[in-house]
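**Student:** Sequence and predicted structure are below.
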Amino acid sequence: MITATDVSVGYGGNLVVKSVGLHAGPGEVVGLIGPNGSGKSTFLRTLYAALRPRAGLVVLDEQPITQLRGTELARRVAVVAQETPTDLPVTVADMVLLGRAPHRKALAAFTREDHRTVAAALSRVGARDLADRRYSTLSGGEKQRVLVARTLAQQADHLLLDEPTNHLDIRYQHELLRMVGQLGVTTVVVLHDLNLAARYCTKLVMLQDGRAVATGTPEEVLTPEMLLRVYGIHVEPVSVRGALQLVFSMADEPAMAPAGAAG
Ligand SMILES: Nc1ncnc2c1ncn2[C@@H]1O[C@H](COP(=O)(O)OP(=O)(O)OP(=O)(O)O)[C@@H](O)[C@H]1O
């Protein structure tokens with residue numbers, strides 16, 4: 001469980017997250033959405049204590065995040081951040097093995113179990129055949145899948161993901177988010193694609209200029225009125241096999257005739 005209450009965060013004299021709250025219950029997948037620069041990454045980084053809030057509190061299973069140190073924090077929270085150094089001369093398997101570090105006794109070697117966990121994590125993201133490749137030579141999407149495998153190997157019970165579908169092709173975008181939902185791990189995920197957010201998140205928090213302007217189920221948050229106000233875009237909600245999906249058009253475009261309509 002992750003609970004943030006009235007969290008404000010800034011850089012220098014600039015407050016970019018203003019009194020934002022969020023609650024992700026056990027196994028929930030909460031999506032953080034909002035336009036560029038609205039504060040999503042900054043807020044997410046505060047949830048894993050990479051940034052210290054100016055005000056407010058972040059609590060992990062009833063324990064303030066600031067009380068968790070190094071290894072304990074790494075055992076409890078796995079993160080895929082937006083940019084990760086890529087030029088280390090390590091193999092893919094070594095990269096994923098890093099996820100096992102919080103479980104290793106001080107100075108002990110990795111065990112057979114660690115290696116098995118790494119192999120299983122790579123299989124889960126469809127990257128088992130990349131295990132011996134040098135990480136820096138992978139494509140953007142392959143790297144992203146390996147970073148997700150590392151979080152799986154970490155076996156933390158909280159998952160924080162910043163744009164995890166970045167670089168992934170359409171099939172892997174869906175596979176990844178479906179897998180995240182099936183893990184049963186408390187997750188907060190930054191997403192730009194509102195249709196993915198609608199489909200895979202149990203709850204959404206929408207930020208605008210650092211403030212949470214809507215919180216609730218995808219149906220409650222992704223309304224045409226709210227999306228016009230926050231993104232300046234028209235949207236038509238449709239139901240596809242019972243799931244909410246959005247069809248967009250620019251606010252200054254004339255309404256399009258439905259496909260197949262006589263002109
Ligand atoms: N390290 C930093 N130092 C100073 N300002 C920063 C820093 N990181 C982010 N900002 C500023 O804070 C604001 C929020 O940025 P943030 O990256 O949190 O937004 P975001 O919603 O994740 O954006 P995007 O969708 O473009 O990734 C922006 O105005 C950004 O320029």
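**Tutor:** Done, it's in. Numbering: from 1, shown residues only.
**Student:** In the protein, where is pLDDT below threshold?
**Tutor:** 83-86, 251-263 (pLDDT under 70).
**Student:** Which residues of it lie near the ligand?
**Tutor:** Residues of the chain lying near the ligand by Cβ under 6 Å from any ligand atom: Tyr11, Val16, Gly34, Asn36, Gly37, Ser38, Gly39, Lys40, Ser41, Thr42. For every residue, glycine as well, the C-beta is placed using N, CA and C.
**Student:** quick one: contacts of stretch 126-141?
**Tutor:** 86-95, 118-119, 122, 142-143, 145-146, 149, 166-169, 172, 175 (Cβ atoms under 8 Å, 6 or more residues apart in numbering).
**Student:** Verify the contact between Lys203 and Gly31 for me.
**Tutor:** Yes - under the criterion of Cβ atoms under 8 Å, Lys203 makes contact with Gly31 at 7.3 Å.
**Student:** And the two? Which one has more around it.
**Tutor:** Gly31 (28 against 19; other Cβ atoms under 10 Å).
**Student:** Can you say which helix or strand has that one in it?
**Tutor:** Counting by DSSP states H and E, the element that carries Gly31 is strand 29-33.
**Student:** ok, that strand: who's next to it in the sheet?
**Tutor:** As defined by DSSP bridges, the strand partners of strand 29-33 come to strand 186-190 (parallel), strand 203-208 (parallel).
**Student:** okay, these, which one's buried deepest?
**Tutor:** A comparison of the strands paired with strand 29-33 by mean neighbour count, using mean count of other Cβ atoms under 10 Å, puts strand 186-190 on top with a mean of 25.
**Student:** Dump that one to CSV, keeping only the CA atoms.
**Tutor:** C-alpha atoms of strand 186-190 as CSV (Å, rounded to 0.1, in the frame of the first residue of the first chain):
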residue,chain,number,x,y,z
THR,A,186,0.8,-2.4,-5.6
THR,A,187,1.8,-0.2,-8.6
VAL,A,188,1.9,3.5,-9.5
VAL,A,189,2.6,4.1,-13.2
VAL,A,190,3.1,7.3,-15.2
